[in-house]
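> after the sequence you'll find the predicted model.
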Amino acid sequence: EPEVTQTPSHQVTQMGQEVILRCVPISNHLYFYWYRQILGQKVEFLVSFYNNEISEKSEIFDDQFSVERPDGSNFTLKIRSTKLEDSAMYFCASISPKSSYNEQFFGPGTRLTVL
Amino acid sequence: SQKIEQNSEALNIQEGKTATLTCNYTNYSPAYLQWYRQDPGRGPVFLLLIRENEKEKRKERLKVTFDTTLKQSLFHITASQPADSATYLCALEGGAGGTSYGKLTFGQGTILTVHP
């Protein structure tokens, strides 16, 4: 069964460094999302992406964040200058255009640790 | 402001019993309410979706109800098994404010432990 993949599974970085988190959504999906989950807290929406542009972004998704779909398969989240409070699990998700349920398929996540 | 609450942080039950989890929301008019399962260190996995005009939805041992008057959803797992132990998340989609397709707002989750 097709699944969303994310790399790396764990990223450790120094504060102020740039990180790029990568996702490969399921191949025929058209709607893409990034969420994050700080340890012990709820899953929070960051951004939605459709037709090569951002549909909506949350207050968390400030100028330090950007998303890109550089080719037909990858979907990336870039954090330009990481802060300690960016430490979290980051999940990519996608929706099939054929879904009658709007169910989101989540990847396994990237654990980002900012030191 | 919009608020989603799952009113139990943790629920412990014996194998074979029915687990009932609650999700309440305020200041929200969702088009859909979804339930997800999350295992430690993993991404959420979709279980069930119920629409605003539906009262109940079932899938195998799972049942979801949705009361838009009470602004509440109940999630039931019948004949529970230790393998059902996980965190269960409710998530709302849609509603006022022109939010984008598929954007989910999650509750904080209920940790279910089923004891053998």
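Yep, it's here.

> every contact and neighbour count from this point should use C-alpha atoms.
Will do.

> and stretch A:102-113, what's buried?
A:102-113 (16 or more other C-alpha atoms under 10 Å in any protein chain shown).

> can you show me the CA trace of whichever strand or helix holds A:Glu44 as PDB?
Secondary structure from DSSP states H and E places A:Glu44 in strand A:43-50. C-alpha atoms of strand A:43-50 as PDB (Å, rounded to 0.1, in the frame of the first residue of the first chain):
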ATOM      1  CA  VAL A  43      -0.700  18.200  16.600                       C
ATOM      2  CA  GLU A  44      -0.800  21.700  15.100                       C
ATOM      3  CA  PHE A  45      -1.400  22.800  11.500                       C
ATOM      4  CA  LEU A  46       1.400  24.700   9.900                       C
ATOM      5  CA  VAL A  47       0.500  25.100   6.200                       C
ATOM      6  CA  SER A  48      -1.500  23.700   3.400                       C
ATOM      7  CA  PHE A  49      -0.300  23.600  -0.200                       C
ATOM      8  CA  TYR A  50      -2.200  23.000  -3.500                       C
END
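
> tell me the strands beside the helix or strand that that strand is followed by, with direction?
As assigned by DSSP H and E, the chain's next helix or strand after strand A:43-50 is strand A:53-57. The pairing partners recorded for strand A:53-57 under DSSP bridges are strand A:43-50 (antiparallel).

> next, count neighbours for residue 25.
Picked chain A for this. When neighbours are counted by other C-alpha atoms under 10 Å in any protein chain shown, A:Pro25 registers 28.

> if you could check chain B rather than the one you did, that'd help
Neighbours of B:Tyr25 (other C-alpha under 10 Å): 19.

> ok so it is a strand residue?
Yes: assessed by DSSP: H, G, I helix; E, B strand; the rest coil, B:Tyr25 belongs to a strand.

> where does chain B have low pLDDT?
B:94-100 (pLDDT under 70).
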